[in-house]
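Can you look at this prediction? I've put the sequence above it.
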Amino acid sequence: MNKLTQLNCVACRGGDPKLTDSEITDLQPHVPQWQLVTQDNILRLQRVFKLKDYAQSLEFTNKIAAIAEAEDHHPLIILEWGRVTVQWWTHVVKGLHKNDFIMAAKTDEIFAQ
């Protein structure tokens, strides 16, 4: 079990720092299937999940939404037939925070169920 899945998100405030390159390098092995992508000049974690059909994609999306609400940390989710793309980043820091890695690990755990 990934130790990140045992953690909870901590509310970020304006002025909280984004992760350093070194911190990202340390956390990335915990979510190896996630890619670092830059969109709108903001570094994000992204993973594309492949599922059987639209119904399974929707069910998976709803499970992500439930954990996002519980943790009060919300991703970008793109729902397609047989495919769900998820991006985690922290809006207030305009980049990556430890919360994003926690949620990526929890998303992986949901997918594995």
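Noted; the coordinates are in hand.

who's in contact with the longest helix seen in the chain?
Of all segments of type helix in the chain, defined using DSSP state H, the longest is helix 54-71. By Cβ atoms under 8 Å, 6 or more residues apart in numbering, the residues outside helix 54-71 that reach it are 8-9, 49, 51, 74-75, 77, 79-84, 86, 99, 102-103, 106-107, 110-111. Quick note: C-beta positions are derived from backbone N, CA and C, even for glycine.

which secondary structure elements does the longest strand along the chain contact?
Criterion DSSP state E: the longest strand present in the chain is strand 42-50. Packing partners of strand 42-50 (3 or more Cβ pairs under 8 Å, 6 or more residues apart in numbering; DSSP states H and E): strand 35-39, strand 83-88, helix 98-112.

Out of the ones you listed, which is closest to Asp16?
Ranking those by proximity to Asp16 (Cβ to Cβ) places helix 98-112 first, at 9.9 Å.

what's the spacing between that closest one and its chain's center?
Here helix 98-112 is found 6 Å from its chain centre; the criterion is Cα atoms, centre = their mean, to the nearest Å.

Does anything pack onto it? Which helices or strands?
Helix 98-112 is packed against helix 21-27, strand 42-50, helix 54-71, strand 83-88, with contacts defined by 3+ Cβ pairs under 8 Å, 6+ apart.
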